[in-house]
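S.K.: could you work out the structure for the sequence below:
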Amino acid sequence: MPRLGVDEKAFRKGHRYFTLVNDRERPRVPDVAEDRTQASWEGFWTTLTEEQLHSIEAVAMDMRDPCVALVRQHLPEAERKMIFDKFHIAKHLGEAVDQVRREKDRILWAAGDDRLTGGRYVRLRHPAAMEPKDRREFAELPESGLKTARAWALKEAGMALFGHHHERPARKHFRWGHNWAVRSRLKPMIEVARMLKRRFENIVTYIRQRIPSAASESLNSKIQRLEPRKTSYT
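M.R.: Below you'll find the model as predicted:
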């Protein structure tokens, strides 16, 4: 199994999480562990033989420090094999936008401004589902001065990185987006931008390798019906 993905999943939309190790080339799950702690994933690595470890070419994973430390500990040539893909980056950027929104919604609501509350904010997060009228309103938001709108625009700029298929323009795009984020005066966006800068070399690895995600995505529609249990690497 040369290319792996590691994801955290919420079981049946509840507060119970598990860590899923999936094959990025085939719809196959080598390991499922309850919870989403470092220990949840460490058990998987200790079951692998030296031959199996050396056969792994890439791991698409979260970029949090405990996850990175674990892969460095167990995987030979980990630095060139770790990949921080667009799905994990989208998660961090989305959470940062949510932090900005929660803070600013309270301020807007107190002032009687409901532009980003309730259903309007749902549409802000999902522009592809907008009606033409809503799309026109949405297009005006980044120029409105609303901090949540600026945070959303920063998120979209960050995700546009993955539209590049060559390293040089990708690096140029990232420098532009990072500079915009750190000048935004939005603390959650600044923190994510700095984290992405620290991890950027392994983001570029994703652009080089384009590790497949179709097999992983095909499992998502089924995973909620499964009771997580530990499996072995075969």
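
S.K.: what's the closest non-adjacent residue to residue 157?
M.R.: With C-beta to C-beta, 6 or more residues apart in numbering as the criterion, residue 157 has its nearest non-adjacent residue at 4.6 Å, and that residue is residue 177. The way it works is simple: take the backbone N, C-alpha and C, and place the C-beta from them, glycine included.

S.K.: residue 178 too?
M.R.: Nearest non-adjacent residue to residue 178, counting by C-beta to C-beta, 6+ apart: residue 193, 5.1 Å away.

S.K.: now name the helix or strand holding residue 87.
M.R.: Using DSSP states H and E, residue 87 falls within helix 86-110.

S.K.: do residue 7 as well
M.R.: Using DSSP H and E, residue 7 falls in strand 3-10.

S.K.: by how many degrees do the following helix or strand past that strand and strand 3-10 diverge?
M.R.: Sequence-wise, the next helix or strand downstream of strand 3-10 (DSSP H and E) is strand 17-23. For strand 17-23 against strand 3-10, the angle by axes from the mean of the first three to the mean of the last three C-alpha atoms, to 10 degrees is 160 degrees.

S.K.: can you list the strands that strand 17-23 pairs with?
M.R.: Counting by DSSP bridges, the strands paired with strand 17-23 are strand 3-10 (antiparallel), strand 31-34 (antiparallel).

S.K.: so for residue 74, which of the ones you listed sits nearest?
M.R.: strand 3-10 (12.1 Å; C-beta to C-beta).

S.K.: who's in contact with that closest one?
M.R.: 16-25, 30, 36, 41, 56-62, 67, 85, 87-88, 211-213, 216, 220, 223 (C-beta atoms under 8 Å, 6 or more residues apart in numbering).

S.K.: and what of stretch 174-194?
M.R.: Contacts for stretch 174-194 (C-beta under 8 Å, 6+ apart): 92-93, 95-97, 99-100, 147, 150-151, 154-155, 157-158, 160-161, 196-197, 200, 203.
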